[in-house]
Every structure is written in structure tokens, then in C-alpha cells.
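Student: attaching a predicted model along with its sequence, questions to come.
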Amino acid sequence: MILKDFDRSLKPREKVLDQGIEALSDSELLALILRSGLKGTSAIDQAREILNHCGGFAGLFQLDLPQLMEIAGLGLAKSCEILACLEIVKRTNYQKMLQADVIAEPKLLINWLQNYIGNRQQEYFVAVFLDGQKHVLSYQPLYIGSRNTLNIDPSEIFSKALSLKASSIIVAHNHPSQKAVPSEIDNLTTRKLMEAGELINVPLLDHLIISFNDYYSYRQHQII
């Protein structure tokens, strides 16, 4: 059974026409992207199985292309279409963040970081550069790998800040373990960056430890 075989009241496209996009369930929304299901399975049933497998849309954000293609019925085309929709969400969140004071509204930055690095299997260390109004000027992923083997170089971070004429910075990194708890290395790195920022008058305003569903803020814990 495919979408055209459903009664009008059950077809996602017709439901959008009658009731608006907000009326669709999660599985109906995903079915619109899939368009067709497996042989003998409707797009809605397949969508429901995918969401159950992933734990909902939040789980989909944690999957890359090879992981999506491992799900039955998701070849390259459908997997790329799903990733394209998720990427639109990420970029929309980034654009919203650019318009905000991310110190007054830290959740906008945190949400974007969770989608950007929260599900990575390797550790990503990112610097976010702010203007005088605490708006994001730019960001730069600086290091990828294990923090046990990385030596964070403040000069690299602050030379970029000076070239952008940034007034302050925020740094963030993910924990692939999904435990947003600072390590002693994290604490040492924070102190080193705070001291470097004070020397050149480009203060470190926060250090965020990110997992997909959680975070730790040195600023909120009054360490910065």
C-alpha cells in the first residue's frame, strides 16, 4: 500500500490541505519526505518504524549518511533527502542565533552546538567569536580527535579573534561519551584560555561542554 491508496483523511498531503502542516504527526511528516514505503508497507508505516528505531526526530539528528542507509528501505536518495531536511533545520537555528545576544540567550547557541557537534563520534573543539553586542561574528572548528592527545594552543584561537576584531570568545567541545561533565583537562584548558584572553583584552565568556541532550556551562557554574 502506498500513499495514493489511503482514504483522503489519512493522506498527509490532503491532511495538510484540510488542516495545515501542524496537524501532521511525526510519522506523517517523515512520510512526506519518503513518498513511498517498502513493498507491502506504506510510507507512513515505514516512517513510523524509522522513528521508533531512532527514538524520534532527535535521534535522526544523531545519524550520518552511512547509518541512515543501514535502515531498511533507506537508500542513498532517501537518506540524502532526510539529511537535507535536517541540515535546513541546523542552518535555520544558526541564522536565528546570529541575531541574538548569545550571553543573554545562551540556549540558542547551545541548541545549535548540540546539533552541530553533539552527536559526533570524535571530539570537536570549536571557537565562537563575538562582537561587542555579544552577537556571533564567526565560528571555527579548531581540533578534532582525542583531548588526551590534543594540546589547545591559545595563540591560534586569539589570533583568529584579533583578525575578526572580536570583542570576546566562547569555546565549546563535545564529549562523545554523551556525559557533559568537565574533566581536569577541561578545567586546565579553561584556565589557560581565560588567562590568555585577559592578556589581550579579548575575554573568554564561556566554555561549553556539549552532548546531544545535555550541556555544561562554566559561566552558569560561575567559574568564568
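Tutor: Yes, it's here.
Student: what about stretch 135-149, distance to the chain center?
Tutor: Taking the mean of its C-alpha atoms, stretch 135-149 sits 14 Å from the chain's own mean (CA atoms, centre = their mean, to the nearest Å).
Student: just the residues contacting it, thanks.
Tutor: Stretch 135-149 is contacted by residues 97-102, 109, 117, 122-131, 150, 152, 156-157, 160, 164-166, 173, 183, 185-186 when judged by CB atoms under 8 Å, 6 or more residues apart in numbering. Every C-beta, even on glycine, is put in place using the N, C-alpha and C of the backbone.
Student: check stretch 72-81 too.
Tutor: Under CB under 8 Å, 6+ apart, the answer for stretch 72-81 is I33, L34, G37, L38, T41, Q46, E49, I50, L65, L68, M69, I82.
Student: related to what we said a few turns ago, which among the contacts of stretch 135-149 count as buried?
Tutor: When these are checked for burial by 16 or more other CB atoms under 10 Å, the buried set is 97, 100, 102, 109, 117, 123-130, 150, 152, 157, 160, 164, 166, 173, 186.
Student: so what touches stretch 57-71?
Tutor: Outside stretch 57-71, the residues that touch it by CB under 8 Å, 6+ apart are 26, 50-51, 53-54, 74-76, 79-80, 82-83, 86, 115, 118-119, 212-213.
Student: buried ones among the residues you listed?
Tutor: Using 16+ other CB under 10 Å, the buried members of those are I50, L51, C54, L74, S79, I82, L83, L86, N115, G118, N119, F212.
Student: tell me the least confident of these?
Tutor: Sorting these by confidence puts N119 at the bottom, with a pLDDT of 82.
Student: scan the chain for its longest helix.
Tutor: Selection of the longest helix in the chain by residue count, based on DSSP state H, yields helix 76-98.
Student: what's whatever helix or strand comes next after that one in contact with?
Tutor: For helix 76-98, the following helix or strand on the C-terminal side (DSSP states H and E) is helix 106-117. The list of residues contacting helix 106-117 from outside it, by CB under 8 Å, 6+ apart, reads 61, 89-90, 93-94, 96-97, 100, 102, 124, 126, 128, 136, 141, 170, 172-174, 206, 208, 210-213, 215, 217, 219-220.
Student: the residue positioned nearest the centre of the chain and Q67: what is the separation?
Tutor: Nearest to the centroid of the C-alpha atoms of the chain, with distances taken as CA atoms, centre = their mean, sits N115, at 0.8 Å. Applying CB to CB, to the nearest Å, the value for N115 to Q67 is 16 Å.
Student: alpha carbons of stretch 82-102, as CSV, please.
Tutor: Below are the C-alpha coordinates for stretch 82-102, written out as CSV (Å, rounded to 0.1, in the frame of the first residue of the first chain):
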residue,chain,number,x,y,z
ILE,A,82,16.3,13.3,5.1
LEU,A,83,19.8,14.8,5.8
ALA,A,84,18.9,17.8,3.6
CYS,A,85,15.8,18.5,5.7
LEU,A,86,17.8,18.1,8.9
GLU,A,87,20.5,20.4,7.6
ILE,A,88,17.9,23.1,6.8
VAL,A,89,16.9,23.0,10.5
LYS,A,90,20.5,23.3,11.6
ARG,A,91,21.1,26.3,9.3
THR,A,92,17.9,27.9,10.4
ASN,A,93,19.0,27.6,14.0
TYR,A,94,22.3,29.1,13.1
GLN,A,95,20.7,32.1,11.4
LYS,A,96,18.4,32.7,14.4
MET,A,97,21.5,32.5,16.7
LEU,A,98,23.3,35.2,14.6
GLN,A,99,20.6,37.7,15.5
ALA,A,100,20.8,37.1,19.3
ASP,A,101,22.9,38.1,22.2
VAL,A,102,24.1,34.6,23.0
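Student: nice, that's everything, thank you.
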